[in-house]
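Engineer: would you be able to build a 3D model of this:
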Amino acid sequence: RPIGSSANRLVMEGLDSPMARWISDAMRIATGADLAIYSRRHYRGLPIPKGTVDEIDLIQCSRPFEEYLALVYLSGRDIVNIVEDNLREDAGYEYVIQPSGFRYTFSWDRPLGTRLTNIDVDTGRTYLVALEGQAFNRRTLYLAGRESCLDVRVTNVPLRGALYAHVVRTGKVIAPQGRRIWAV
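Structural biologist: As a prediction, the model looks like this:
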């Protein structure tokens, strides 16, 4: 059953992937979080096709895992540390996290732990952040050593449900314009 349409094919390829931008926005909007962090470390889904989009497309896009989204309060400094912790040279783009609600710049040429060159979060503020549940139960995201001290609240919103609601809200699958990640 059609639920919307997509003017373009959305793919997970590249540093600042259109698909990853769309997914991270859907996570943030579905949970009411200030920010969202999406890890594509174990992504095995298929692109969203150009044209009619149905529920099967969302199942294929979000496979192989149907995890509930989680919410956690993180300081801006924690977010800086988590972004930095995921900029690992041995992993390439697979570990570069996709943000919703903020942007950042990094350099592969800098030593590990100093690669983040700019980020637009307030390090003195605390944010409500949406993450995939598998960030905690499958460790798909490096959390800068904070795993054991975070108060994680698992929501009743599955990732696929967030994507579905995001399509139904507008009738379209649209990758947000504007880059969020730059490698310099």
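Engineer: convert the worst-scoring helix or strand of the chain on mean pLDDT to CSV, retaining C-alpha atoms only.
Structural biologist: Within the chain, no helix or strand scores below helix 134-137, which has a mean of 76 by mean pLDDT, DSSP states H and E. Output of helix 134-137 as CSV, limited to C-alpha atoms (Å, rounded to 0.1, in the frame of the first residue of the first chain):
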residue,chain,number,x,y,z
GLN,A,134,21.2,-1.0,19.2
ALA,A,135,23.7,1.7,20.1
PHE,A,136,23.4,0.1,23.6
ASN,A,137,22.5,-3.5,23.2
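Engineer: pull out the buried residues from it.
Structural biologist: Using 16 or more other CB atoms under 10 Å as the test for burial, helix 134-137 gives 134, 135, 136. Yep, even glycine has a C-beta here, placed from its N, CA and C like the rest.
Engineer: okay if I get the residues you listed as a markdown table plus distance to residue 127?
Structural biologist: Formatted as a markdown table, those follow (distance: CB to CB, whole Å):
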| residue | distance to residue 127 |
| --- | --- |
| 134 | 20 |
| 135 | 15 |
| 136 | 17 |
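Engineer: report the distance from the longest helix belonging to the chain to the chain centre.
Structural biologist: Scanning the chain for the helix with the most residues, using DSSP state H, yields helix 18-31. On the basis of CA atoms, centre = their mean, to the nearest Å, helix 18-31 sits 6 Å off its chain's mean C-alpha point.
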